[in-house]
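Trainee: Curious how this folds, go ahead:
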Amino acid sequence: MDVFDLDRALGGNGGLLGAIVSGVPLLNHSIARRQAFLQGLLTRLMPGAPLIQFSYGANAPVPPLPGYSVARTAMVFANIPPAKVWVYRKT
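Mentor: All right, here's what the predicted structure looks like:
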């Protein structure tokens, strides 16, 4: 499945989700593609639900979209390179 084509990947079986955890290597894609992917995920979340994204970059893989916030909540030093855990939420 192509996770960047969420409608097709989910097959219309999407309701609102209580959380999403993503390890998609977003830094390998253009910022426009990352933003579109993130927007597609965020619209599938229940109010207040988190989108948790693992990434290896120094900064959030997608700057917060209007109406959303992002915070680094953890670093996983057991990974090489260390992974960062980013949480996006609607503000």
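
Trainee: can you give me the strands in the chain?
Mentor: Per DSSP state E, the chain carries strands over the ranges 20-22, 51-55, 68-76, 83-90.

Trainee: Dump those to CSV, plus mean neighbour count.
Mentor: For glycine as for every other residue, the C-beta is placed from the backbone atoms N, C-alpha and C. Below are the strands of the chain laid out as CSV (neighbours: other Cβ atoms under 10 Å):
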stretch, mean neighbour count
strand 20-22, 14
strand 51-55, 20
strand 68-76, 13
strand 83-90, 18
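
Trainee: Among those strands, which comes closest to Phe37?
Mentor: Smallest distance to Phe37 across the strands of the chain (Cβ to Cβ): 8.6 Å, for strand 20-22.

Trainee: Does anything pack onto that closest one? Which helices or strands?
Mentor: Judged by 3 or more Cβ pairs under 8 Å, 6 or more residues apart in numbering; DSSP states H and E, strand 20-22 is in contact with strand 51-55.

Trainee: Leaving out the residues flanking it, which one is nearest to Ala83?
Mentor: Once flanking residues are discounted, Ala83 sits nearest to Val76: 4.2 Å by Cβ to Cβ, 6 or more residues apart in numbering.
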